[in-house]
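K.L.:
give me coordinates for this.
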Amino acid sequence: MTRYVVVGGGIVGLAVAHRLMTDRPGDQVTVLEKEAGWAAHQTGHNSGVIHAGVYYKPGSLKATLCKAGSASMVEFCREHGLAYDICGKLIVATDAEELPRLHDLHERALANGLPARLIEGAEAAEYEPNVAAVAALHVSSTGIVDFGA
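P.N.:
Reported below is the predicted structural model:
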């Protein structure tokens, strides 16, 4: 039997411990955390976005890992009864000067195999009434989760 010690009870430390326990069921895994509870720092204070991988170069390792990580996060939440919401995301162009970049992101999203479509400002306002956009990119595979939970 091998004994492992993982330092830190945030999402990275707990993910490493979980993987060790899954891959090496006969070994012992101990997680050390200085705080009174899990996810007390960055993990519990971030945006909670399950990123789809819009911004990464198509075919890159980052794009591949982001897409795989998104799918595995949703699977983990389902398996463990944790709340999550694949609510989608808007990337907004607030003026005409931003439209070329928005179109580039749309092409990148499609090249990464993501469900993304360009929409007009009025349709963006249907998703978010407080948005002021001339156009937006709607990426339906982006989600949110409470990583601390």
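
K.L.:
ignoring the adjacent residues along the chain, who's closest to the most centrally placed residue in the chain?
P.N.:
With distances taken as Cα atoms, centre = their mean, the residue of the chain nearest its centroid is I50 (2.0 Å). Leaving aside its sequence neighbours, I50 sits nearest to G143 (Cβ to Cβ, 6 or more residues apart in numbering; 3.9 Å). Any C-beta I mention is one placed from the backbone N, CA and C, and that applies to glycine too.

K.L.:
for the chain, which segments are assigned as helices?
P.N.:
11-23, 42-45, 61-80, 99-111, 121-127 (DSSP state H).

K.L.:
could you tell me the least trusted of the ones you listed?
P.N.:
Of all the helices of the chain, the minimum mean pLDDT falls on helix 42-45 (a mean of 81).

K.L.:
just the buried residues of that helix, please?
P.N.:
Buried residues in helix 42-45, counted by 16 or more other Cβ atoms under 10 Å: T43, G44.

K.L.:
what sits up against that helix?
P.N.:
With Cβ atoms under 8 Å, 6 or more residues apart in numbering as the test, helix 42-45 has contacts from G10, I11, V12, F147, G148.

K.L.:
list the residues that contact V134.
P.N.:
With Cβ under 8 Å, 6+ apart, V134 has these contacts: A93, T94, D95, A96, E98, L99, E120, G121.

K.L.:
surely the first one touches A136?
P.N.:
When you say that, I think you mean A93. Yes: taking Cβ atoms under 8 Å as the definition, A93 is a contact partner of A136 at 6.7 Å.
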